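Engineer: Got a predicted structure plus its sequence, pasted below:
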Amino acid sequence: MKKHNFNAGPSILPRIAVENSAKAVLDLNGIGLSLLEISHRSKEFQAILDEAMNLFKELLNIPEGYEVLFLGGGASLQFCMIPYNFLNKKAAYLETGVWAQKAIKEAKFFGEVNVVASSADKNFCYVPQEFTVPTDADYFHITTNNTIYGSEFQKDIDCPIPMIADMSSDILSRPVDVSKYSMIYGGAQKNLGPAGVTFVIIKQELLSKVERKIPTMLNYATHLKEPSLYNTPPVFAIYTCLETLRWIKSLGGVKVIRDMNIRKAGLLYDAIDNSKMFVGTVSRESRSLMNICFVMKEQYKDKEDAFMEFAKTKGMLGIKGHRSVGGFRASTYNALPIESVQALVDAMHEFERNNA
Ligand SMILES: *Cc1c(COP(=O)(O)O)cnc(C)c1O
């Protein structure tokens, strides 16, 4: 049976990226060595790294003055590196979910944290739209897509101070005005590649304004000096990211991807909105194109397990909602084909016909 992979992360990748990565593991470009066996200082890997960094810049239209890095440690290590490098006295954070809270927790090790707005009052089912960022803070941190709750900033916001964004789960899902951000980062394993690599898009001038000493590996200056090659980078994971970037380019870039994502998400949100049994958990103006969360209406709550079982028989994978929200979450990342969304919608309709 065909599987429909709605996993939240690690998650579905373009089939071509998986196939080409598998080939490269056996023999990289016919050189007679596996991708896993080459030196990270070889000309073969340098070409992979350069192409990945350049494609990233091209696809997101990244302006001059920014560098793209591929590092280890996941988005979670960035939660620590950001305040380590940039928080002198005070930083501003937007609290929109568990990942934002984890970023806030790390920042508190380094100074004062001003939480300018929070959606914790409603279990993070929306993204605050009205807030004032203090101009005396060193930077403002946001999470553009809240993977667990399915809420997302639907556009790039303006900010009077350097803005840093965790885009782990919506990177390359739409065009981004990178000039509005001083730094964009995330784990690759949601929308870009396999687990094990972190992307960082950083404005060079943001550097070294803090007084404290920073250990070498945790200092962005180290990684900017030898882009992604201070130590051994995750060679394999970077290669798969490159294959995903090539795939996005072959489709026509992030505008095309965004239109595809709008169509996919629209299909599922329409089904939810017109359903007798299901209801969305996120307020409309904050709905995510990447993670679509829904539950059974109150009178059908006892049918959630039955639907989960039914969906499994139809090949649906990874649609269980995060334990902090319950119900269902369908992650509709770039690589998920619209046919999978249609299959989920069909399964919902069939279940309703038999149970509502
Ligand atoms: C998954 C996720 C993270 C955590 O990423 P790691 O690479 O596992 O550290 C952080 N932020 C967001 C928005 C995520 O979706």
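Structural biologist: Received the coordinates, thanks. What you see is a predicted model, and the numbers here were worked out from it, not measured in a lab.
Engineer: quick one, strands of the protein?
Structural biologist: Listed in chain order, the strands of the chain (DSSP state E) span 4-5, 66-71, 90-95, 112-118, 140-143, 145-146, 151-152, 163-166, 183-187, 198-203, 278-280, 291-296, 316-317, 328-331.
Engineer: now for the fourth one, which elements pack on it?
Structural biologist: Put plainly, it is strand 112-118. Packed against strand 112-118 by the contact rule (3 or more C-beta pairs under 8 Å, 6 or more residues apart in numbering; DSSP states H and E) you find strand 90-95, helix 98-107. For the C-beta atoms, the positions are set from N, CA and C on the backbone; glycine is no exception.
Engineer: Which one of these lies nearest to the ligand?
Structural biologist: helix 98-107 (3.5 Å; C-beta to the nearest ligand atom).
Engineer: What lies in contact with that closest one?
Structural biologist: Helix 98-107 has contacts (C-beta atoms under 8 Å, 6 or more residues apart in numbering) with 75-76, 79-80, 82-83, 87, 91, 93-95, 113, 115, 124, 141-143, 146-148, 166, 168, 324.
Engineer: neighbours around the spatially closest residue to Gly74 that is not a sequence neighbour, how many?
Structural biologist: Among residues not flanking Gly74 along the chain, Gly187 sits closest, at 4.7 Å (C-beta to C-beta, 6 or more residues apart in numbering). Other residues within reach of Gly187, judged by other C-beta atoms under 10 Å, total 26.
Engineer: One more: Pro128?
Structural biologist: So Pro128, with other C-beta under 10 Å, has 17 neighbours.
Engineer: before we move on, what about Glu309?
Structural biologist: The tally of other residues near Glu309 (other C-beta under 10 Å) stands at 9.
Engineer: Likewise for Glu226?
Structural biologist: 9.
Engineer: Get me the contact residues on the stretch 201-350 of the chain for the ligand.
Structural biologist: By C-beta under 6 Å from any ligand atom, no part of the stretch 201-350 of the chain sits against the ligand.
Engineer: shaky segments in the stretch 201-350 of the chain?
Structural biologist: For the stretch 201-350 of the chain, applying pLDDT under 70 flags the ranges 207-208.
Engineer: circling back: pLDDT wise, what is the residue nearest to Gly74 at?
Structural biologist: According to the prediction, Gly187 has pLDDT 98.
Engineer: looking at the sheet around it, what are its partners?
Structural biologist: Beta-bridge pairing of Gly187 under DSSP bridges involves Thr198.
Engineer: on that earlier part again, and the contacts of helix 98-107, which are buried?
Structural biologist: 75, 79-80, 82-83, 87, 91, 93-95, 113, 124, 141-143, 146-148, 166, 168 (16 or more other C-beta atoms under 10 Å).
Engineer: residues of the lengthiest helix in the chain that come out buried?
Structural biologist: In the chain, taking DSSP state H as the definition, the longest helix is helix 254-273. Using 16+ other C-beta under 10 Å as the test for burial, helix 254-273 gives Val254, Ile257, Arg258, Met260, Asn261, Lys264, Ala265, Leu267, Leu268, Tyr269, Ala271, Ile272.
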